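Q: I'll drop the sequence and a predicted model, then ask my questions.
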Amino acid sequence: MSKGEEIIRHHEFRERSINENENRVIAKIRELWKTLPGLCICGQCLDNIFCLALNYLPPRYENAVIHHIGKPTSLSDEEIDSSVRMAMEKVHRHPKVAAHKVVN
């Protein structure tokens, strides 16, 4: 194996890059989950809401090692809010698990 192949094989791409929208979506799920009565909050449904909301949004990847203080975000809070609400409603209408954890 060449030195270049060795470097690429062992590079930890995922640990250096993050989608900035992930933390914003998580925060919005934590804020909005109570607004949909009867929403299942089991791990699988929460994961589905998270992934679906991110799929509604354009990704915004950035190098996690470099910190950009004060840079503008690419999406408005309303766009994040809308994507999370759509995801919550879709998962609520079409849950994938038999035993739901509904906490109100």
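A: Looks like it arrived, so ask away. Numbers count the residues shown, from 1 in each chain.
Q: rest of the way, CA atoms for contacts and neighbours
A: Noted.
Q: for this structure, which spans come out with low pLDDT?
A: 11-17, 63-73, 97-104 (pLDDT under 70).
Q: Run through the residues that contact the residue most central in space within it.
A: The centroid of the chain falls nearest to Glu22 when counting by Cα atoms, centre = their mean (3.8 Å). Neighbouring residues of Glu22 by Cα atoms under 8 Å, 6 or more residues apart in numbering: Leu54.
Q: buried ones in the one helix or strand it maps to?
A: Element membership for Glu22, per DSSP states H and E: helix 21-32. The neighbour-count check on helix 21-32 (16 or more other Cα atoms under 10 Å) flags Asn21, Glu22, Arg24, Val25, Ile26, Lys28, Ile29 as buried.
Q: quick check, nearest of the residues you listed to Glu62?
A: Ranked by distance to Glu62 (Cα to Cα), the buried residues of helix 21-32 are led by Asn21 at 10.3 Å.
Q: ok, that closest one touching Ala53?
A: No. Contact criterion Cα atoms under 8 Å: Asn21 and Ala53 do not qualify, at 9.6 Å.
Q: for the chain, what spans make up the helices?
A: Taking DSSP state H as the criterion, the chain contains helices spanning 3-10, 13-16, 21-32, 43-56, 77-93.
Q: looking at those, which is closest to Glu62?
A: Between Glu62 and these, the shortest separation by Cα to Cα is 8.3 Å, and it involves helix 13-16.
Q: Pull the distance from the helix holding Glu22 to the chain's centre.
A: Put simply, helix 21-32 sits 7 Å off its chain's centre (Cα atoms, centre = their mean, to the nearest Å).
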